[in-house]
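Q: Generate coordinates for the sequence data below:
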Amino acid sequence: MGLVYQIKRDKRDALVIGLLFFFTGFAICLYLNQAGNQPRERDYAYVGSFYAFAFWIGLGVLYVKELLMGFLKNGRNAAIAAGILCTLAVPVIMATQEWDDHDRSNKTLAPDLAKDYLESCAPNAILITFGDNDTYPLWYAQEVMGLRPDVRVINSSLLGTDWYINQLRYKVNQSDPIDPIWSAAQIEGSNRDVVYNAPKAGIDPNQYMDLYAMMKDYAGSDDPSKTEQGRDGSVLNVFPSKKVSVPVDLALVKQNGTVNANDSVVSSMQFEIPKAVLYKNDAAILNIIAANKWKRPIYFTSPYGELGFGSYLRQDGLSYRLVPVANGDVNKDWVVDKMMNKFAFGNADKKGVYFDEENRRHLNSIRLAYAQAASNLADGGRKEEAKKLLNKCDQMMLESNFSYGMVSRGQQQNEISLQFLMAAYKAGDTSLIGKVTSSVKKDMEQQASYYESLSDNRREAMRQEEERNMQLLRGLMQMEQQFKNPQPLGENPATIQAQPITQPAQRTDSQK
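A: Here you go, the predicted model:
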């Protein structure tokens, strides 16, 4: 209305403001050739155009006043009425339309998620995170709520900077210092931003090399005999072997609770680094592991496999602990205690609490953790405890707030729900089997009908989603048949996924 009003009253001024609006808004989009899908709002790039928009808002109030003059006659009354009407118009419309899905008065998912991560950790633990979504809540929980100040939270993305690595050398809250192996001078600036894999005399690349020695004496060395020269004459730091080992002090890991009494502990944790290039944050993680020597618990917020030691990560709840036990599996007694008594669910058990897509991804992280733990318990013959875990999760996530069957990116929600269903089948919980099956099957059948209703071009654009949906639907049917008609020993059970499931909601777009 303000734009129309200005054009009517003063076309020259309208042109000037219009040019300001165009060149600080639309023209920027054209000049940058900006992609359509943005990971988050980019309003700050167009702040100049907001000035023009604000001018028109102000002029719009004057226009409303002029329109009201025809009814109220009195200019003062018309001005007051226009001011009140325009002040209330936007918030009233927004509140009536969007209050229900923006009401956060009962939503506690962020601090509850942090609590679940932290309570999964043993005392004095090191917890390595991978993005905004699983870092900020942890910082808030520790610094504001005072929850588990003994845990050292380390953001893997920030580990690529020298100042952040140097902070490891100091005590923070109740968390002891950490040895990053390399000195402050060795990591200053761009030093060791990249460490390359390259063979060295006397090092057999087919033999497992001590990780501490490799990171300290080779990757951390500036000795010309232990470095390489780049094409531009620069010094390149290297690591001479992808096969590395971390010795295990059996008495220590049993004494400090790293392993359980009945665990099959390896004498040396051996793994192969799958990368030819280590960036500074990769190297820092390896340094932390090597220097720790199993003295403190080391956890990750996801089953992190990028550096090769994924098979030594054990689920301890929502976090994954590095243990000298191959295929560390699930820490059964630990997860039963923590997930039954310590976990929180963001008030998903209260009617009417709204969870948007990003919230649902975090709730899926929790649901997946319960599914994996319960499945492992059932496989180990502890079916009653598996049932308790599954029902705890089900009761704390109301179907009306967070359905089992729901459209999501990459069909992730239905995929995780089928993992949950598989655990319910293994545990023999018929009531939960019926509930989950009904919800997931309904959603997948509705999706199938939707894809079939599309035109050829649109259906082709959704082909991957449709194929994944049909794949999961077939998996559901196979699962039903598998448990109704058990196969003889040795035959493979029905599979419900074509790709491994990882924690669904951690890294933000800027950190992938």
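Q: burial of Gln395, as a residue count?
A: Taking other CB atoms under 10 Å as the criterion, the count of residues near Gln395 is 11. Just so you know, the C-beta spots here come from the backbone N, C-alpha and C atoms, and that holds for glycine as well.
Q: Ala369 too?
A: Counted with other CB under 10 Å, Ala369 comes out at 26.
Q: for the helix or strand hosting it, packing partners?
A: For Ala369, the host element (DSSP states H and E) is helix 357-379. Where contact means 3 or more CB pairs under 8 Å, 6 or more residues apart in numbering; DSSP states H and E, helix 357-379 is packed against helix 109-119, strand 313-315, helix 332-341, helix 383-396, helix 412-427.
Q: quick one: it to helix 332-341, angle?
A: Inter-element angle recorded for helix 357-379 and helix 332-341: 140 degrees (by axes from the mean of the first three to the mean of the last three CA atoms, to 10 degrees).
Q: now the angle from helix 357-379 to helix 412-427?
A: Calculated by the same axes, to 10 degrees, helix 357-379 forms an angle of 20 degrees with helix 412-427.
Q: What residues of stretch 43-60 count as buried?
A: Tyr46, Ser49, Ala52, Phe53, Phe55, Trp56, Leu59, Gly60 (16 or more other CB atoms under 10 Å).
Q: Where is the longest helix in the chain?
A: Ranked by residue count and defined by DSSP state H, the top helix of the chain is helix 75-102.
Q: so what secondary structure elements neighbour that helix?
A: helix 47-72.
Q: what is the mean pLDDT for the helix it packs on?
A: Helix 47-72 shows an average pLDDT of 92 in the prediction.
Q: what separates that helix from the chain centre, distance-wise?
A: Here helix 47-72 is found 44 Å from its chain centre; the criterion is CA atoms, centre = their mean, to the nearest Å.
Q: What helices and strands are in contact with it?
A: Checking 3+ CB pairs under 8 Å, 6+ apart, helix 47-72 ends up next to helix 2-9, helix 11-21, helix 75-102.
Q: Report how many residues lie close to Gln481.
A: 12.
Q: In a helix, it, correct?
A: Yes - counting by DSSP: H, G, I helix; E, B strand; the rest coil, Gln481 is found in a helix.
Q: Quickly note the distance from it to Ala448.
A: 19 Å (CB to CB, to the nearest Å).
Q: if we can go back for a sec, identify each buried residue in the longest helix of the chain, please.
A: Ala78, Ala79, Ala81, Ala82, Cys86.
Q: Show me which pair in those residues is furthest apart.
A: Ala78 and Cys86 (12.1 Å; CB to CB).
Q: Quick check: end-to-end length of stretch 234-253?
A: 42 Å (CA to CA, to the nearest Å).
Q: Give the buried residues for it.
A: Buried residues in stretch 234-253 (16+ other CB under 10 Å): Asn237, Val238, Phe239, Pro240, Ser241, Lys242, Lys243, Val244, Ser245, Val246, Val248, Val253.
Q: And the average pLDDT for it is what?
A: 95.
Q: from the middle of its chain, how far away would it be?
A: 28 Å.
Q: And stretch 21-32, by the same measure?
A: The mean C-alpha position of stretch 21-32 is separated from the chain mean by 33 Å, CA atoms, centre = their mean.
Q: what's the answer for stretch 281-288, then?
A: 20 Å.
Q: still on that earlier bit, okay, buried residues for the helix holding Ala369 please.
A: In helix 357-379, counting by 16+ other CB under 10 Å, buried: 359-378.
Q: Please apply the same query to stretch 134-143.
A: Asp134, Thr135, Pro137, Leu138, Ala141, Gln142.
Q: related to what we said a few turns ago, can you give me the angle the longest helix of the chain makes with helix 47-72?
A: 130 degrees.
Q: where does the stretch 101-250 of the chain dip in pLDDT?
A: Across the stretch 101-250 of the chain, nothing is flagged by pLDDT under 70.
Q: Strands of that one, start to end?
A: 126-129, 152-155, 194-197, 209-210, 227-229, 235-239, 243-247 (DSSP state E, counting those that start in this stretch).
Q: so which of those strands gets nearest Leu472?
A: strand 126-129 (29.7 Å).
Q: Check whether Ile259 really touches Arg321, as I assumed.
A: Actually, residue 259 is Val rather than Ile. No - judged on CB atoms under 8 Å, Val259 makes no contact with Arg321 at a distance of 10.0 Å.
Q: who's in contact with the closest residue in space to Ser375 that isn't next to it in sequence?
A: Excluding its sequence neighbours, the residue lying closest to Ser375 (CB to CB, 6 or more residues apart in numbering) is Ala423, at 4.1 Å. By CB atoms under 8 Å, 6 or more residues apart in numbering, the residues touching Ala423 are Tyr370, Ala371, Gln372, Ala374, Ser375, Ala378, Ala386, Leu390.
Q: which one of these is nearest Met397?
A: Tyr370 (9.4 Å).
Q: show me what contacts the closest one?
A: Here Tyr370 is in contact with Met339, Leu389, Leu390, Lys392, Cys393, Phe420, Ala423 (CB under 8 Å, 6+ apart).
Q: go on, Asp162?
A: Contacts of Asp162 by CB under 8 Å, 6+ apart are Ala184, Ile187, Glu188, Gly189, Asn191.
Q: which ones are touching the fourth one?
A: Translated: Gly189. Here Gly189 is in contact with Asp162 (CB under 8 Å, 6+ apart).
Q: What's the separation between it and Trp163?
A: 10 Å.
Q: The first one now?
A: To Trp163, Ala184 is 9 Å away according to CB to CB.
Q: Could you do the second one as well?
A: With the distance defined as CB to CB, Ile187 ends up 9 Å from Trp163.
Q: between those two, who's got more neighbours?
A: Ile187 (24 against 10).
Q: Once you drop chain neighbours, what's closest to the more buried one?
A: Nearest to Ile187 is Asp162, by CB to CB, 6+ apart, at 4.6 Å.
Q: and stretch 301-317, which residues are buried?
A: 301-304, 307-310, 312-317.
Q: just these now: which is nearest Asn485?
A: Gln315 (30.6 Å).
Q: Quick one: residues contacting the closest one.
A: Contacts of Gln315 by CB under 8 Å, 6+ apart are Pro303, Gly328, Asp329, Val330, Asn331, Val335, Ala369, Gln372, Ala373, Asn376.
Q: partners of it in the sheet?
A: Note on Gln315: beta-bridge partners Tyr320, Val330, judged by DSSP bridges.
Q: Could you report the distance from it to Ser234?
A: Gln315 is 43 Å from Ser234, by CB to CB.
Q: okay, among the contacts of Tyr370, which ones form the most distant pair?
A: Met339 and Phe420 (13.5 Å).
Q: picking up where we left off before, make CSV out of the helices and strands packed on helix 357-379 and add distance to Gly36.
A: Shown next, in CSV, are these (distance: least, CB to CB, whole Å):
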stretch, distance to Gly36
helix 109-119, 29
strand 313-315, 38
helix 332-341, 41
helix 383-396, 37
helix 412-427, 22
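Q: who wins for proximity to Glu460 among these?
A: Across those, Glu460 has its closest neighbour in helix 412-427 (21.8 Å, CB to CB).
Q: and the next helix or strand after that closest one, how far out from the chain's middle?
A: The first helix or strand that comes after helix 412-427 along the chain, using DSSP H and E, is helix 430-453. Computed by CA atoms, centre = their mean, the separation of helix 430-453 from the middle of its chain amounts to 26 Å.
Q: next one: stretch 445-460
A: 30 Å.
Q: if we can go back for a sec, can you add distance to Met269 and give the helices and strands packed on helix 47-72 back as CSV?
A: Converted to CSV, those look like this (distance: least, CB to CB, whole Å):
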stretch, distance to Met269
helix 2-9, 67
helix 11-21, 61
helix 75-102, 47
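Q: So which of these is nearest Met69?
A: helix 75-102 (4.7 Å).
Q: so who does the closest residue to Lys342 other than its chain neighbours touch?
A: Nearest residue to Lys342 in three dimensions, chain neighbours excluded: Glu119, at 4.1 Å (CB to CB, 6+ apart). Listed by CB under 8 Å, 6+ apart, the contact set of Glu119 reads Arg148, Gly317, Lys338, Lys342, Phe343.
Q: With that, I have no additional questions.
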